[in-house]
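Asker: sharing a model that was predicted from the sequence below.
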Amino acid sequence: MAVQEAAVFGATHEILGEVPRAYVIVQNGSNVTESELIEFINERVAHFKYLRGGVEFVDHFPRTAIGKIDRKVLRAKAKAIVIKDK
């Protein structure tokens with residue numbers, strides 16, 4: 001697949017409360033689109049796990065001192081986004 005690394009967090013939705021939003025690092029040379037990733041995931045997961053919050057492509061993830069993804073930073077970033085109609 002075209003994805004090197006991904007993380008999913010809840011983004012604020014004005015009607016549903018919270019919806020999944022993916023942060024994705026793609027492989028070098030890959031040209032995968034947001035709609036392709038959403039379609040791929042939505043075919044494989046339960047209805048409540050659909051990526052209604054969308055996909056954000058990033059160059060790198062914030063890391064802790066030991067090299068793990070700093071989930072607190074990404075979670076705060078996802079919570080700051082308000083999804084209006086998806």
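Answerer: That came in fine, so what should we check first? On a predicted model such as this, the values are computed, not experimentally measured, just so you know.
Asker: what residues sit buried inside stretch 55-67?
Answerer: Within stretch 55-67, the residues that count as buried by 16 or more other CB atoms under 10 Å are Val55, Phe61. Every residue, glycine included, has its C-beta placed from N, CA and C.
Asker: who touches it?
Answerer: 5, 7, 21-26, 34, 37-38, 69-70, 73-74 (CB atoms under 8 Å, 6 or more residues apart in numbering).
Asker: quick one: buried ones out of these?
Answerer: In these, the ones that pass as buried (16+ other CB under 10 Å) are Ala7, Arg21, Ala22, Tyr23, Val24, Ile25, Val26, Leu37, Ile38, Ile69, Leu74.
Asker: now do the SS call for the last one.
Answerer: Think Leu74. For Leu74, the assignment made with DSSP: H, G, I helix; E, B strand; the rest coil gives helix.
Asker: ditto for the first one
Answerer: Three-state call for Ala7 (three-state DSSP): strand.
Asker: can you pull out the low-pLDDT segments for this protein?
Answerer: Residues of the chain meeting the criterion pLDDT under 70: 1, 86.
Asker: where exactly do the strands run in it?
Answerer: Assigned by DSSP state E, the chain shows strands spanning 3-13, 17-26, 55-57, 82-83.
Asker: picking up where we left off before, can you tell me which of the contacts of stretch 55-67 is nearest Ile83?
Answerer: Distance to Ile83, by CB to CB, is smallest for Arg21 among these, at 7.7 Å.
Asker: how deep is the nearest residue to the closest one once chain neighbours are set aside tucked in, by neighbour count?
Answerer: Of all residues not flanking Arg21 in the chain, Gly53 sits nearest, at 3.0 Å (CB to CB, 6 or more residues apart in numbering). When counting by other CB atoms under 10 Å, one arrives at 23 neighbours for Gly53.
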